[in-house]
Each structure stands twice: as C-alpha cells, then as structure tokens.
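Peer 1: give me a 3D structure for the following:
(2 chains)
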Amino acid sequence: MTDDLMTMPDLGGLSCKEMVELVTEYLEDALPADMRNRFDRHLRACHPCLVYVEQMRQTITALGKLPEETIPTSALDTLREHFRRWRSTPDA
Amino acid sequence: MLSPQTPPGVTTESGLPPFAVPATTHQADDDAQLVAALKRRDEAAFVALVERYQRPLLRLALVYCRSLAIAEEIVQDAWLGVIQGIDRFEGRASFKTWLFQILVNRARTRAEREGRAISFSSLAEEAEAPGEPAVPRERFRPPDDKWPNNWAVPPQSWGESADAGLLAGETMDLVKRAIAQLPSAQQQVITLRDIEGWTSEDVCNVLTISETNQRVLLHRARSHVRSALESHFNDG
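Peer 2: The predicted structure is shown next:
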C-alpha cells in the first residue's frame, strides 16, 4: 500500500479487516463470483493481505501433517474377539 | 469446480495430505466391498475396516473426552454398534458417514452422562454465536483513518524457512495445543477437515450441520491456529 493518493490502488472496495474474515470462504471457493473478483483485486494491490492468505495456506498444510503416530491403537485384538463372538451368535 | 487457489489438503484429490482419509469414489467402492464381506461375516473385511478408520475415529473421539482410555472405549463401542447394525445398513449413506455418525452419537451420550453436556452446546449454536475477530482489531487502522480498517500492524511473511519450520516437532506441538484451546465444535470441524482431510460435505453429514455453519467454525479454528503460528514464527 502507499500513502500517495495519486496512485491509490484498487483494493476491490474491501478493507484488510474485511479480507481476513473472508479468507476461508475464498479458500473454500464459496464466495460469489463478484466478491471473489473483488477479493482477487485487493490481493493484487495489497501485499500484507497476500502474506496473510499465504499464512492461512501454510496453516492448513501444517494441520494436514500432524503426525499420526501420536495416537496409539491397541484395540484390534479386543475387537477381533467381539467380532468372533458376534459371528458365532448371529442373532445376538 | 476447484479453483487454482484451493490450498493443498483441503478439497483437491491430488493435494491431500499423506495421512488423510480421502473421500474418493475409489475408497467408497472399496468400502462397499468390505461392507458386503462384513455382512457375510468375513473377519478380514472387519479388520480391514478397523485398520482404515481406527485412527480418525480415535482422533475425533479425543475431541470429546481428552482421555485416550475413554476415547478408545468410545471407538470400541462404535465398532460394536457397527457389528450389531451392519445387517440393517442399506448403504444409503456412505459407510464412512454412517460409522462416524455412530461414533459421534456414542461420544455425545458419553459426554452427557459424565456431566460434560454443557460444554457441548450444539454446533449450530456455537457457529451462530458471535466469535472473536480473525485478527485483533488493534492491528487495523481506525475507521476515521485515511486508510480505514487497513493494516496498521501487517503480518510478516514467515519466510523461506517456514515450510521446514512448520514441520518441526515443536511447531506441531504448538498446533496441537492451539487446537486444544478451541471450543469443541471448532475442534471437531478442524480435526475432520484439515487434519483428516475430509470434504466439507462429509463433515456436514457426520456432524449434521449446515455448510455455512461448518465454514464459520472452520474459519474461526483456522484463524486461531494461524495466529498461534504467527506468534511462534515472529517471536521465536
């Protein structure tokens, strides 16, 4: 952004405060076409909002990589027993 | 359908995180075969289904109870529900949706029985209640400024090291702690959407919430985790 009014950028009629509340709808592709267009225009003109959207993407990537080994599973043997009991008594 | 802006791990098939349970047609077909075999009392099919879904089931159960021992009981209980109900399962919903609905019902019942029902207000209620802004108001210029409501304290790029840093153990712990601070409804949605990589449609079906409410909860949850990561990268 610049303080020079002669080169006032096209922010799509959206403030940065509005942008950060629209970002999930944007990433989910849930914005109406007109609003999406305004969002894109703002992004082209506003580097901080571009950084913000990038951070949301990085956040989502990090969430998708939470290691699965944090959850031990020890229940399989018990479940097999239940299964066999059920199989041998079909009307139970 | 999908825009180029769709981030990896959200809804694109190719971009799914490695540990996700993809909601692909292939998997649904595969489930249908296993379910048919399970109806014939095929133990290998039962074990295959357990191995496929045990981890996401446990992860979701943990949102309700926070104790691994109780979560394992709830999941086991859900599998017993599957065994008992499989002959009546007609495949109108996907097996995955049906299975997780059983889990959610058992988990909610258990939470109620343990007097934790108050903290489990309905997801719709939580979505419709006013929430915190994604970014604190003081980081924006005042409404009477020359640039009203635009950044006063803009976000700083996390830099090139961030992609590696995001995967570091301490960062992952921080993300987990940030999720644990969230209200239950937000935890449920972000766990299924972003950790497990489900589609919004599947999440709405399992948690029985509207698409809009799901998105509101996801937005608040993601914004909170981003904010936690920001503090970490900018201060640490």
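Peer 1: could you say what helices and strands the lengthiest helix in chain B packs with?
Peer 2: The longest helix of chain B (DSSP state H) is helix B:211-235. Packing partners of helix B:211-235 (3 or more CB pairs under 8 Å, 6 or more residues apart in numbering or on different chains; DSSP states H and E): helix A:16-27, helix A:47-63, helix B:123-128, helix B:169-180, helix B:184-190, helix B:200-207. All C-beta spots, glycine's among them, are computed from the backbone N, C-alpha and C.
Peer 1: buried stuff in it?
Peer 2: Neighbour counts over helix B:211-235 (16 or more other CB atoms under 10 Å in any protein chain shown) mark B:213-230, B:232-233 as buried.
Peer 1: hang on, the earlier thing: how about the helices and strands packed on helix B:211-235 in a markdown table, adding mean pLDDT and mean neighbour count?
Peer 2: Listed next are the helices and strands packed on helix B:211-235 as a markdown table, based on pLDDT from 0 to 100; neighbours: other CB atoms under 10 Å in any protein chain shown:
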| stretch | mean pLDDT | mean neighbour count |
| --- | --- | --- |
| helix A:16-27 | 98 | 21 |
| helix A:47-63 | 95 | 21 |
| helix B:123-128 | 88 | 18 |
| helix B:169-180 | 90 | 16 |
| helix B:184-190 | 93 | 24 |
| helix B:200-207 | 94 | 20 |
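Peer 1: minimum distance to residue B:56: which of those helices has it?
Peer 2: helix B:200-207 (10.5 Å; CB to CB).
Peer 1: the closest one to helix B:211-235, inter-axis angle?
Peer 2: Calculated by axes from the mean of the first three to the mean of the last three CA atoms, to 10 degrees, helix B:200-207 forms an angle of 110 degrees with helix B:211-235.
Peer 1: just the CA atoms of helix B:200-207, as CSV, please.
Peer 2: Provided in CSV are the C-alpha atoms of helix B:200-207 (Å, rounded to 0.1, in the frame of the first residue of the first chain):
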residue,chain,number,x,y,z
SER,B,200,-16.9,-30.2,3.7
GLU,B,201,-19.8,-32.4,2.5
ASP,B,202,-18.7,-35.4,4.6
VAL,B,203,-18.1,-33.2,7.7
CYS,B,204,-21.6,-31.7,7.4
ASN,B,205,-23.2,-35.1,7.1
VAL,B,206,-21.4,-36.6,10.1
LEU,B,207,-21.8,-33.6,12.4
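Peer 1: quick check, it touching chain A?
Peer 2: Yes - counting by CB under 8 Å from any CB of the partner chain, chain A is contacted by helix B:200-207 at residue B:200.
Peer 1: tell me which other helices or strands that helix touches.
Peer 2: helix B:95-113, helix B:184-190, helix B:211-235.
Peer 1: distance from the chain centre to it, please.
Peer 2: Offset of helix B:200-207 from its chain centre (CA atoms, centre = their mean, to the nearest Å): 10 Å.
Peer 1: and what of stretch B:183-193?
Peer 2: With CA atoms, centre = their mean as the basis, the mean position of stretch B:183-193 lies at 5 Å from the chain mean.
Peer 1: identify all contacting residues around it.
Peer 2: A:63, B:10, B:56, B:59-60, B:63-64, B:119-123, B:126-127, B:179-180, B:182, B:198, B:200, B:202-203, B:206-207, B:214, B:217-218, B:220-222, B:224-225 (CB atoms under 8 Å, 6 or more residues apart in numbering or on different chains).
Peer 1: related to what we said a few turns ago, give me the average confidence score over the longest helix of chain B.
Peer 2: In this model, helix B:211-235 carries a mean pLDDT of 94.
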